[in-house]
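Peer 1: need a structure here:
(3 chains)
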Amino acid sequence: MISRTARITKNVHLGKGSTVEDFVVLGKSSVPNRQKAKPLRIGSGSYLRCGTVIYAGTTIGNHFVTGDYAKIRENNHIGDDVSIGSNTIVERDSIIGDDVSIHSGCFIPEYTTIEDSVWMGPCVVITNVLHPPCPYFKKENLHERPACLTGPTVKRGAVIGAAAIILPGTTIGENSLVGAGSLVIHDVPRDAVVVGSPAKVVGKTKGLICPPGFYARGEVYSWRR
Amino acid sequence: MISRTARITKNVHLGKGSTVEDFVVLGKSSVPNRQKAKPLRIGSGSYLRCGTVIYAGTTIGNHFVTGDYAKIRENNHIGDDVSIGSNTIVERDSIIGDDVSIHSGCFIPEYTTIEDSVWMGPCVVITNVLHPPCPYFKKENLHERPACLTGPTVKRGAVIGAAAIILPGTTIGENSLVGAGSLVIHDVPRDAVVVGSPAKVVGKTKGLICPPGFYARGEVYSWRR
Amino acid sequence: MISRTARITKNVHLGKGSTVEDFVVLGKSSVPNRQKAKPLRIGSGSYLRCGTVIYAGTTIGNHFVTGDYAKIRENNHIGDDVSIGSNTIVERDSIIGDDVSIHSGCFIPEYTTIEDSVWMGPCVVITNVLHPPCPYFKKENLHERPACLTGPTVKRGAVIGAAAIILPGTTIGENSLVGAGSLVIHDVPRDAVVVGSPAKVVGKTKGLICPPGFYARGEVYSWRR
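Peer 2: As a prediction, the model looks like this:
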């Protein structure tokens, strides 16, 4: 079902069985009066909630879901079974794998890599520039990657708690857990649990305890392996 | 006055004297192609600003006010004289009392209880899952409350400062004050002032000083009693 | 180009060469049924992205740019060459100079002063009330400035990193740098670098190092002088 109030330009390829709710905007360019917009491709079985905005030049897999007013800019590559929450902003030129869930109110900057099966809680903020607004990171160089940018990267299976802040150049290790509200200023090792401001390693995800006892020690997050 | 650009489904009961601005969406279901949406009831004298989205199955009292692009999901019970700020997201299955003000950009998760006369500043983030995305908290169990979730609860008269983060399972005590930017990891006692990351008790609300002298020591927040 | 889905009231004066995208709302009043709305003036060459909302009574210079769903309330004075990012909220009665860039998801409260050439990263939260919701700061006194409010002020050329939180009554000094995720509880001296929660001075902007070597020590941020 495609709402009649949605605004979908000709450069949009939307897969079968998709739902597009009211006031969704698909395929717009980031620059006014651009002569020919790049295609926007979205796979089948997608479900785009109210006011979602997705720009031209992005490619998205199947079963894509957005919350109300999610915003996804140009030149992103997004896999299958991805969910982007309400209000969340994904800037341009990022890569998001399969089976990724990014909750509401997050900010994902340019050139971010998010691998498969990552989960982010609400209001996570990722950053990418050490000294903003450095001229080496200007909009005029829209498709040229600054030499000083190598990240940020969130590795496969990592879980980032609500309202965590990830500083530039850091890598969040595979299957690690970043506690809610943490400020991550160094790389997070794989399988590590980090918490605090600045975030420090406090244990391993395998050592986590499930207080109500649904999972034995060492089995928390086993559902992700 | 109801804007002609607002989208209001048949299951919506909107009280007299309400204002509905442009691009507001009322009564939509959280699942596509749902056969019969539950009612959405909103009391009289409501004022819903641009782009507000309120889902089917929620019940709201009189004199309800929203900021632009506020989002309220299904199965919430919200009292009278409540204000939900711009961009703020209230997830499903929460209870909000009377005379509650939640400022802009907040995130209120599922199963939250907010008692009467609570005030929250902008960009407060409340969380509810210890080990997200635990399978015991899946969307498939939409109306079944996970056994491990007992909170979060914000008690009557509490004030939560801007951008505070409330961790799962904590209770914010009656008439307490959580300082802006605090990370709350333990319960906050009633009448306490807590600040910091993690938040610690630093005093009582009755000991607060009003620097310009409008209120004597001990009388700050007396307007709320 | 003005989208036909934009909602623009008669009190709006929009300069030449402006682009207004879908579902933008310009010139609405903050109070329903107000008899005569104040003018909203926006300069030439503006570019207002989807769903931007700007209220009556605000004055904005030339080359104004907004991200999707930016919100700007009444009685603000905003200079030339200003950019307000997606989702960002600028409340009423604030002053923003020329050449200011406020990124996505920020919250700028009432009575804020932001001088020329300030840059703010995503999700910065500025606050203005020591003991909210103090009755001396009520909506009923909409155009009367509370005696206890003298700030917040962000001085010329300051850079505020992502997700920083600025507490009431503080002044961010000229050309200073507030690190991402900092909680600023005291004034920040000019040219200082502050980081942490609470933020402390850790150096001078002139002492910053550019790791990839594009700028010599002491020359980082020289592009802003």
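Peer 1: Can you tell me the closest non-neighbouring residue to residue A:82?
Peer 2: Excluding the flanking residues, the one nearest residue A:82 by Cβ to Cβ, 6 or more residues apart in numbering or on different chains is residue A:100, at 4.8 Å. Just so you know, the C-beta spots here come from the backbone N, C-alpha and C atoms, and that holds for glycine as well.
Peer 1: Would you agree residue A:186 falls within a strand?
Peer 2: No: checked against DSSP: H, G, I helix; E, B strand; the rest coil, residue A:186 lies outside a strand; its state is coil.
Peer 1: neighbours around it, how many?
Peer 2: Residues lying near residue A:186 (other Cβ atoms under 10 Å in any protein chain shown) number 14.
Peer 1: Can you give me the distance of it to residue B:2?
Peer 2: 53 Å (Cβ to Cβ, to the nearest Å).
Peer 1: Point out where chain A drops to low pLDDT.
Peer 2: A:32-35, A:138-151, A:225 (pLDDT under 70).
Peer 1: Show me what from it comes close to chain C.
Peer 2: Residues of chain A lying close to chain C by Cβ under 8 Å from any Cβ of the partner chain are A:7, A:23, A:25, A:28, A:32-33, A:51, A:53, A:69, A:71, A:87, A:89, A:105, A:107, A:109, A:123, A:125, A:127, A:130-136, A:147-148, A:165, A:167, A:183, A:197.
Peer 1: wait, doesn't residue A:2 sit right on residue A:8?
Peer 2: Yes: with contact defined as Cβ atoms under 8 Å, residue A:2 reaches residue A:8; the gap is 7.4 Å.
Peer 1: Overlap in contacts, those two.
Peer 2: A:14, A:20 (Cβ atoms under 8 Å, 6 or more residues apart in numbering or on different chains).
Peer 1: what about those two, which has more around it?
Peer 2: More neighbours surround residue A:8 than the other of residue A:2 and residue A:8, with 17 against 14 (other Cβ under 10 Å).
Peer 1: residue contacts, the more buried one?
Peer 2: Contacts of residue A:8 (Cβ under 8 Å, 6+ apart): A:2, A:14, A:20, A:24, A:25, A:26, A:27.
Peer 1: Please tell me how far the residue nearest to residue A:187 when sequence neighbours are not counted sits from residue B:111.
Peer 2: Leaving aside its sequence neighbours, residue A:187 sits nearest to residue A:171 (Cβ to Cβ, 6+ apart; 4.8 Å). Distance, residue A:171 to residue B:111, by Cβ to Cβ: 34 Å.
Peer 1: now do residue A:205
Peer 2: 25 Å.
Peer 1: So these two - more neighbours on which side?
Peer 2: residue A:205 (22 against 19).
Peer 1: ok, now which ones touch that one?
Peer 2: A:175, A:176, A:177, A:191, A:192, A:193, A:220, A:221.
Peer 1: go on, residue A:47?
Peer 2: A:18, A:19, A:64, A:65, A:66, B:32.
Peer 1: From the residues you listed, pick the one nearest residue B:38.
Peer 2: For the contacts of residue A:47, the closest approach to residue B:38 (Cβ to Cβ) belongs to residue B:32, at 15.1 Å.
Peer 1: Secondary structure class of residue A:223, three-state.
Peer 2: Residue A:223 - assigned by three-state DSSP - is helix.
Peer 1: How many residues are close by it?
Peer 2: Neighbour tally, residue A:223, other Cβ under 10 Å: 12.
Peer 1: Tell me the spacing between it and residue B:97.
Peer 2: For residue A:223, the distance to residue B:97 - Cβ to Cβ - is 36 Å.
Peer 1: gap between the two ends of stretch A:152-160?
Peer 2: 13 Å (Cα to Cα, to the nearest Å).
Peer 1: and the residue nearest to residue A:187, what does it touch?
Peer 2: With Cβ under 8 Å, 6+ apart, residue A:171 has these contacts: A:151, A:152, A:153, A:154, A:155, A:187, A:188.
Peer 1: could these be laid out in TSV, adding secondary structure?
Peer 2: Formatted as TSV, the contacts of residue A:171 follow (three-state DSSP):
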residue	secondary structure
A:151	coil
A:152	coil
A:153	strand
A:154	strand
A:155	coil
A:187	coil
A:188	strand
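Peer 1: Out of those, which comes closest to residue C:41?
Peer 2: residue A:152 (40.0 Å).
Peer 1: Could I get the contacting residues of the closest one?
Peer 2: A:109, A:111-113, A:126-128, A:166, A:168-172.
Peer 1: In CSV: those residues, plus secondary structure.
Peer 2: Listed next are these as CSV, based on three-state DSSP:
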residue, secondary structure
A:109, coil
A:111, coil
A:112, coil
A:113, strand
A:126, strand
A:127, coil
A:128, coil
A:166, strand
A:168, coil
A:169, coil
A:170, coil
A:171, strand
A:172, strand
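Peer 1: Out of those, which comes closest to residue B:216?
Peer 2: residue A:127 (44.0 Å).
Peer 1: wait, the closest one sits on residue A:167?
Peer 2: Yes: with contact defined as Cβ under 8 Å, residue A:127 counts as touching residue A:167 (5.9 Å).
Peer 1: out of these two, which sits in the more crowded spot?
Peer 2: Remark: of residue A:127 and residue A:167, residue A:127 carries more neighbours, 26 against 23, as counted by other Cβ under 10 Å.
Peer 1: since we're on residue A:25, how many residues are nearby?
Peer 2: 25.
Peer 1: Close to chain B: what parts of chain A are there?
Peer 2: A:1, A:5, A:19, A:21-23, A:47, A:50-51, A:67-69, A:86-87, A:101, A:104-105, A:119, A:121-123, A:159, A:161-163, A:180-181, A:196-197, A:208, A:210-212, A:214, A:220-221, A:223.
Peer 1: okay, now residue A:217: neighbour count?
Peer 2: Every residue meeting other Cβ under 10 Å relative to residue A:217 is counted, giving 10.
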